[in-house]
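Colleague: Below are the sequence and a predicted model for it; my questions follow.
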Amino acid sequence: MAEIPAPGPARPNPARPAPPTRPPLMAPGHTAATVTDKISAVVLTGTPKWWYAAFGGSFAILMMLLYSLTMLFAKGIGIWGNNIPVGWAFDIINFVWWIGIGHAGTLISAILLLLRQPWRNSINRFAEAMTLFAVACAGLFPLIHMGRAWRFYYLLPIPNTFGLWPQFRSPLMWDVFAVSTYALVSLLFWFVGLIPDLATLRDRAQSLLAQKLYGFLAMGWRGSARHWHNYEMASLMLAGLATPLVVSVHTVVSFDFAAAQVPGWHATIFPPYFVAGAIFAGFAMVITLSVPLRVLFGLQDFITMRHLQNMAKVMLATGLIVAYGYAVEIFMAWYSGNRYERFMILNRVTGPYRYTWYALILCNVLVVQLLWSRRVRNSVTALFIIAMFVNVGMWLERFVIIVTSLHRDFLPSSWGMYHPTRFDFMTFFGTIGLFLSLMFLFIRFLPMISIFEMRMILPASKPPEEPR
Amino acid sequence: MTAATGQSGPARFVGLLAEFRTEAELVSAASAVRGAGFRRFDAFTPYPVEELSQIVESHHSRLPWLVFGGGVVGAICGFTLQYWTAVKAYPMNIGGRPYDSWPSFIVVTFETTILFAAFAAVLGMLALNGLPRPHHPLFNVPRFALASRDSYFLFVDACDPRFDRAGTREQLLGLAAMEVSDVED
């Protein structure tokens, strides 16, 4: 038998830094075993009573969406308030709002992975799920806005008997490709991240059905060094691909506006301003979801104050970029010397929809400044309330951009007012029901925190544990 | 998880599985096994360990080349689709621009590049790992279920030319293994 050489010097693993001066990413005393047991118990033990109430409530709101869509398909989009001159009202507001919310999930999972930020490890899973569900809600709106939703396939390059093909010079066509690529890549990223945790659930499930289902989805994952080698490479590659993708998606969404002539839309600031707004809205939604979830499932050990504080800082930074965008819009309206641009800003601030603009500035610019204070960033309640303000504010931002710009453009003879109907509201709130229903199903059946990535941020070499 | 094994006669011995308490013990054991000349072995951990992939797998992952290939194919497909549509299949005069107005085809070309590359990354990762493979002899060892929780395993394949059932078992036990189990198919 050959002589056994001494092992080489252990290299520090860059994925596992533990800066000593900051508060910990995880409460002390956890081991790989306790992390695994605690997170998988949420999925594998009985359903808590509040879950039925919460899912039931969300599902009821989802049924309202079903009702409003049934009425829409039966009667046509005349049941909504949008009409010329405001042809793009709630549909496009809600589309942009939802797709923006999704962006934080990709940012957390991809960009923070590339930047080696280990604090992302406890929030990336449900942020990615949030992305998927938000994109599902977003994708619904352009389809139903077409009126004849069943003809959506005209947007796809499918050979057909009419010999018709899509017109690829249009930003709306770019949007189809950007959003559907984004949905598919987000799904891939999310599923790849789940594979090792599905193997954990397969190995820990008690019921045969759960073993079979999780085993089927885990595809025979064994956690071998060869598996992990290719797996880590695939994660990095996907992160590197998703990072430019997420920037491109909201850029293309902003092209829908910026390529048009309408005053208030035709601006070069739109792509960066929309991307920053998307991240701003997305982090607000991650805070909105993580604050109640960590309490309901007792996961404060894993989603710590440090996570909430970091997210608050990202929200403050992107909020300032958004505020800069508002300032540039006003400056450019004056600097361009274009009377229609100037009128557009005056109409926003003093016109019939001025209250939405005031509310927007309150929510997205003023309230967010509270985050400069460390005391506010340390208060869970304050963060939750500020995040709710941002959620509302980002919806109002799209209302201001879309409705206020469209309702009075060039010719006073073609000005008009837009008033949403109850079906507009029912469709919008209905998609919140769809989002929450999917979210509650997700947290019940899949681990909402990435278990294997939590094991990675444990101290590197663990002392021998108690005998099992 | 226990896989179905009963249908093909007597169980076949495929190798030895050693269990370790800590990542450090597994890493030193794996490098010792490699140093002893073994090549057909693998290590199993609940999370990725960079040192282990360097010990077990000597060459770099081929995945980046697959992803690059996927991206190139995606770019070619995306651009060709638009060029053919706009120039050959359905030429339309949009604002007096040339039919081959390539700058406006960049966005969709970019999206298809990302899409094909992402599919290449995921399908390539699964293919290189030999997945999906729902049944594997290792799943017949009950304690292997802990590989996805907090245990660290080293598998030495009986096909390795240096493998010797009794000797290798002794050697693994000498490397601080808690337990060494036979793996049967």
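Modeller: Arrived safely, thanks for sending.
Colleague: Give me the helix or strand of chain B that scores worst on average pLDDT.
Modeller: helix B:165-174 (a mean of 78; mean pLDDT, DSSP states H and E).
Colleague: list the helices and strands that helix packs on?
Modeller: Helices and strands touching helix B:165-174, by 3 or more CB pairs under 8 Å, 6 or more residues apart in numbering or on different chains; DSSP states H and E, are strand B:13-20, helix B:23-35, strand B:152-157, strand B:179-184. Bear in mind the C-beta positions are built from the backbone N, C-alpha and C, glycine included.
Colleague: quick one, what contacts the residue most central in space within chain A?
Modeller: For chain A, A:Gly102 is the residue whose C-alpha lies nearest the centre (CA atoms, centre = their mean; 2.0 Å). If you count contacts by CB atoms under 8 Å, 6 or more residues apart in numbering or on different chains, A:Gly102 has them with A:130-132, A:134-135, A:138, A:182, A:186, A:278, A:282.
Colleague: Of those, select the buried ones using a PyMOL command.
Modeller: Burial among the contacts of A:Gly102 is assessed by 16 or more other CB atoms under 10 Å in any protein chain shown; the matching PyMOL selection reads:
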select buried, chain A and resi 130+131+132+134+135+138+182+186+278+282
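Colleague: so of the contacts of A:Gly102, which ones are in helices?
Modeller: A:130-132, A:134-135, A:138, A:182, A:186, A:278, A:282 (DSSP state H).
Colleague: farthest-separated two in those residues?
Modeller: Greatest spacing in the ones in helices among the contacts of A:Gly102, by CB to CB: A:Leu132 and A:Ala278 (15.4 Å).
Colleague: picking up where we left off before, so for the least confident helix or strand of chain B, what gets flagged as buried?
Modeller: The neighbour-count check on helix B:165-174 (16+ other CB under 10 Å) flags B:168-169, B:171-172 as buried.
Colleague: cool, and stretch B:96-116?
Modeller: Buried, per 16+ other CB under 10 Å, within stretch B:96-116: B:104-105, B:107-116.
Colleague: Tell me which ones among those residues also neighbour chain A, please.
Modeller: Contacts with chain A are made by B:104-105, B:107-108, B:110-112, B:114-115 out of these, judged by CB under 8 Å from any CB of the partner chain.
Colleague: can I get the CA coordinates of the host helix or strand of the residue nearest to the centre of chain A in PDB?
Modeller: Element membership of A:Gly102 [criterion: DSSP states H and E] is helix A:90-106. Extracted C-alpha coordinates of helix A:90-106, given in PDB (Å, rounded to 0.1, in the frame of the first residue of the first chain):
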ATOM      1  CA  PHE A  90     -54.200  49.800 -15.800                       C
ATOM      2  CA  ASP A  91     -53.000  47.000 -18.100                       C
ATOM      3  CA  ILE A  92     -49.600  48.500 -18.800                       C
ATOM      4  CA  ILE A  93     -49.300  50.100 -15.300                       C
ATOM      5  CA  ASN A  94     -49.800  46.700 -13.800                       C
ATOM      6  CA  PHE A  95     -47.600  45.000 -16.300                       C
ATOM      7  CA  VAL A  96     -44.700  47.300 -15.600                       C
ATOM      8  CA  TRP A  97     -45.400  47.200 -11.800                       C
ATOM      9  CA  TRP A  98     -45.300  43.500 -11.600                       C
ATOM     10  CA  ILE A  99     -42.300  43.000 -13.900                       C
ATOM     11  CA  GLY A 100     -40.400  45.500 -11.900                       C
ATOM     12  CA  ILE A 101     -41.200  43.700  -8.600                       C
ATOM     13  CA  GLY A 102     -39.700  40.600 -10.200                       C
ATOM     14  CA  HIS A 103     -36.400  42.200 -10.800                       C
ATOM     15  CA  ALA A 104     -35.200  42.100  -7.200                       C
ATOM     16  CA  GLY A 105     -35.300  38.300  -7.200                       C
ATOM     17  CA  THR A 106     -32.900  38.100 -10.100                       C
END
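Colleague: Next SSE downstream of it?
Modeller: Helix A:90-106 is succeeded, C-terminally, by helix A:112-114 (DSSP H and E).
Colleague: That following helix packs against which elements?
Modeller: helix A:225-258.
Colleague: Which positions in the helix it packs on come out as buried?
Modeller: Buried-residue list, helix A:225-258, by 16+ other CB under 10 Å: A:225-243, A:245-258.
Colleague: Stretch A:55-66 now?
Modeller: Buried, per 16+ other CB under 10 Å, within stretch A:55-66: A:55, A:58, A:61-62, A:64-65.
Colleague: Quick check: the residue of the stretch 251-400 of chain A nearest chain B.
Modeller: Of all residues in the stretch 251-400 of chain A, A:Val252 sits closest to chain B, at 6.0 Å by CB to the nearest CB.
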